[in-house]
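Chemist: Build me a structure from this.
(chains A, B, C and D)
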Protein chains: 2
Amino acid sequence: MTTDTTPLTHIVDDDEAIRDALSWLFRTRNVPCATWASAEDFLAAYQEDWRGCIVMDIRMQGMSGLDCSTAVRQRGSTLPIIFITGHGDVPMAVGALKRGAFDFIEKPFDDNALVDIVQSALDEDARNQARRSARVDVAARLEQLTGREREVMGLILAGKFNKVIADELNISMRTVEVHRARVFEKMGVRSAVELAQQLTLAGLYNSATPSAE
Amino acid sequence: MTTDTTPLTHIVDDDEAIRDALSWLFRTRNVPCATWASAEDFLAAYQEDWRGCIVMDIRMQGMSGLDCSTAVRQRGSTLPIIFITGHGDVPMAVGALKRGAFDFIEKPFDDNALVDIVQSALDEDARNQARRSARVDVAARLEQLTGREREVMGLILAGKFNKVIADELNISMRTVEVHRARVFEKMGVRSAVELAQQLTLAGLYNSATPSAE
DNA sequence: GCCGCTATTGTGGATGACCGCAAGCCTGCC
DNA sequence: GGCAGGCTTGCGGTCATCCACAATAGCGGC
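Modeler: Down below sits the predicted model:
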């Protein structure tokens, strides 16, 4: 669907020496990477479908790493972000992590430790991607539904019989059947059970399962 | 179900002055709290159904706060833990948060800030509790199922017809129907759709929805 | 040996789901 | 006006589900 985006470790640092050192480190460990000389450069190039992770300095000329992470998150990214800092403190680290950073390490850092962290960040991104692509797929299918079909789908997921649905919508049972069939077809499922699983998993639908007890 | 456990903010600190100060702070802000003079004391008293949050010093006589958090997590607790430290550093804070701590603050701290943090921790616990109680409920129902019933349920959730299920289990369709009815009854649902929703939501069942496309 | 639980099966009927075929109505667009 | 897409409906039939009634059988415990 999307262009074949290879997972990349994006190095964002205004210090060329650091960029070169990190770039060399990752390449020698077979971790594909790209470098950016500023948060602005990175944000200008950033595409929604990028995968991998970000290794970014907190303090940079121009936009800071924290602001950059906020900006990239606002654009819908879930790329794991690893912050590097030379002059960090506890509140800064806590704030970054609570806002969703993947890790926060201080210079000087251990090469092996950083590579390990990057690896786990890449793993996490891969997992996220799988979940997200499922959600996107389901969302796209939902888009195809007509208004009436969505309406009928809701009632199906509420566990109602075609007869009841027909009654509530003031249409004939046959019409409900047609809509129902279209919903299944467009959603790519073959039963109401599959439909429920798909939507519940994707978290895109919440029926008020009224288990009266 | 569980005894009426009021949300409590548990203060764990070996320094009596701090305990008293925190206890006073919380009480004057209408935050019910309890105090413990050591990690060991807390762990000895801890009950699974406790709700609220934990405010704990990292460095204490005897068991450290980090070890205590590990211990309490191993006992299944998801209580939000707020660490307090006088001599913390970045790696310690990062490690604590990555292991699931709710927050990590340094002494001296701002009273208002701490109360705010505790409030959001209590909120999070309340949210967790709601989700967890649903999961526990479903798990309890699953427990009631006999082996055969669980087996049949799996095939139902795989979207198979009774006929196919009967075939795979080498039993008659009628028997499948009986098991099916019992599964619905014990799980408190009235259709396969509800069953799928309940289990998928609780995250207690994952059918390999094989949407071949 | 009797009881309770689980697993098993059959018959027959009511109800619901699914489908092909056929067709009418309305709306927006070229 | 014609065409496409969405919404609607009916008929008749097949297949699946649900259920009441009825019954057999093994297993562990009192």
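Chemist: Does the longest helix along chain A reach chain B?
Modeler: If you go by DSSP state H, chain A has its longest helix at helix A:111-144. No - Helix A:111-144 lies out of reach of chain B by CB under 8 Å from any CB of the partner chain, never closer than 9.3 Å. For glycine as for every other residue, the C-beta is placed from the backbone atoms N, C-alpha and C.
Chemist: For DNA strand C, what is the nearest residue in chain A?
Modeler: Here the residue of chain A nearest DNA strand C is residue A:162; by CB to the nearest atom of the strand that distance is 3.2 Å.
Chemist: quick one: contacts for the nearest residue to that residue once chain neighbours are set aside?
Modeler: Nearest non-adjacent residue to residue A:162, counting by CB to CB, 6 or more residues apart in numbering or on different chains: residue A:176, 4.6 Å away. By CB atoms under 8 Å, 6 or more residues apart in numbering or on different chains, residue A:176 lies in contact with A:152, A:162, A:165, A:166, A:169.
Chemist: Can you give me the neighbour number for the second one?
Modeler: Yep, that's residue A:162 we're talking about. 18 (other CB atoms under 10 Å in any protein chain shown).
Chemist: Kindly give the local confidence score, pLDDT, for the residue sitting furthest away from the middle of chain A.
Modeler: The C-alpha centroid of chain A is most remote from residue A:172, which lies 41.5 Å away (CA atoms, centre = their mean). The per-residue pLDDT reported for residue A:172 equals 95.
Chemist: ok, now the one 10 residues further on?
Modeler: What the model reports for residue A:182 is a pLDDT of 96.
Chemist: doesn't it fall inside a helix?
Modeler: Yes - looking at residue A:182 with DSSP: H, G, I helix; E, B strand; the rest coil, it is inside a helix.
Chemist: Farthest pair within the contacts of residue A:176?
Modeler: Spatially, the most separated pair among those is A:162 and A:169, at 10.6 Å (CB to CB).
Chemist: Just the C-alpha atoms of stretch A:82-101, please, in PDB.
Modeler: The C-alpha trace of stretch A:82-101 is given here as PDB (Å, rounded to 0.1, in the frame of the first residue of the first chain):
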ATOM      1  CA  ILE A  82      15.500   8.300  21.900                       C
ATOM      2  CA  PHE A  83      16.800  11.500  23.400                       C
ATOM      3  CA  ILE A  84      20.400  12.200  23.900                       C
ATOM      4  CA  THR A  85      21.600  14.900  26.100                       C
ATOM      5  CA  GLY A  86      24.800  16.300  27.500                       C
ATOM      6  CA  HIS A  87      23.200  18.500  30.200                       C
ATOM      7  CA  GLY A  88      20.100  16.700  31.200                       C
ATOM      8  CA  ASP A  89      18.400  16.600  34.500                       C
ATOM      9  CA  VAL A  90      15.900  14.400  36.200                       C
ATOM     10  CA  PRO A  91      12.800  16.600  35.500                       C
ATOM     11  CA  MET A  92      13.700  16.900  31.900                       C
ATOM     12  CA  ALA A  93      14.100  13.100  31.500                       C
ATOM     13  CA  VAL A  94      10.900  12.400  33.400                       C
ATOM     14  CA  GLY A  95       9.000  14.900  31.300                       C
ATOM     15  CA  ALA A  96      10.300  13.500  28.000                       C
ATOM     16  CA  LEU A  97       9.400   9.900  29.000                       C
ATOM     17  CA  LYS A  98       6.000  10.800  30.300                       C
ATOM     18  CA  ARG A  99       5.300  12.500  27.000                       C
ATOM     19  CA  GLY A 100       6.100   9.200  25.300                       C
ATOM     20  CA  ALA A 101       9.800   9.300  24.500                       C
END
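Chemist: what's in contact with that stretch?
Modeler: Counting by CB under 8 Å, 6+ apart, A:13, A:53-59, A:65-66, A:69-70, A:73, A:81, A:102-107, A:109, A:114, A:117-118, A:121, B:88-90, B:93-94, B:97-98, B:103-106 sit against stretch A:82-101.
Chemist: residue ranges of the helices in chain A, please?
Modeler: Listed in chain order, the helices of chain A (DSSP H) span A:16-28, A:39-45, A:65-74, A:90-98, A:111-144, A:147-157, A:162-169, A:173-187, A:192-202.
Chemist: so which of those helices gets nearest residue B:201?
Modeler: Of all the helices of chain A, it is helix A:192-202 that lies closest to residue B:201, at 5.7 Å by CB to CB.
Chemist: Report the angle between the closest one and helix A:147-157.
Modeler: Calculated by axes from the mean of the first three to the mean of the last three CA atoms, to 10 degrees, helix A:192-202 forms an angle of 100 degrees with helix A:147-157.
Chemist: Is DNA strand D within reach of helix A:192-202?
Modeler: No - judged by CB under 7 Å from any atom of the strand, helix A:192-202 makes no contact with DNA strand D; its nearest approach is 9.5 Å.
Chemist: Give me the mean pLDDT for that helix.
Modeler: Throughout helix A:192-202, pLDDT has a mean value of 90.
Chemist: Who are the packing partners of it?
Modeler: helix A:111-144, helix A:147-157, helix A:173-187, helix B:147-157, helix B:192-202 (3 or more CB pairs under 8 Å, 6 or more residues apart in numbering or on different chains; DSSP states H and E).
Chemist: Domains in chain A, by residue range?
Modeler: A:8-133, A:145-202 (automatic domain parsing).
Chemist: how about the residues of chain A that lie near DNA strand D?
Modeler: Going by CB under 7 Å from any atom of the strand, the residues of chain A near DNA strand D are A:146-149, A:166, A:169-172, A:174-175, A:178-179.
Chemist: Try it again at 10 Å.
Modeler: Within chain A, the positions lying close to DNA strand D (CB under 10 Å from any atom of the strand) are A:144-152, A:166, A:169-179, A:182, A:186, A:191, A:193.
Chemist: What residues of stretch A:107-115 count as buried?
Modeler: A:114, A:115 (16 or more other CB atoms under 10 Å in any protein chain shown).
Chemist: again with stretch A:153-170
Modeler: Buried, per 16+ other CB under 10 Å, within stretch A:153-170: A:153, A:155, A:156, A:157, A:158, A:159, A:160, A:162, A:165, A:166.
Chemist: For these, work out which two are farthest apart.
Modeler: Farthest apart among the buried residues of stretch A:153-170 by CB to CB are A:157 and A:166. That separation is 16.2 Å.
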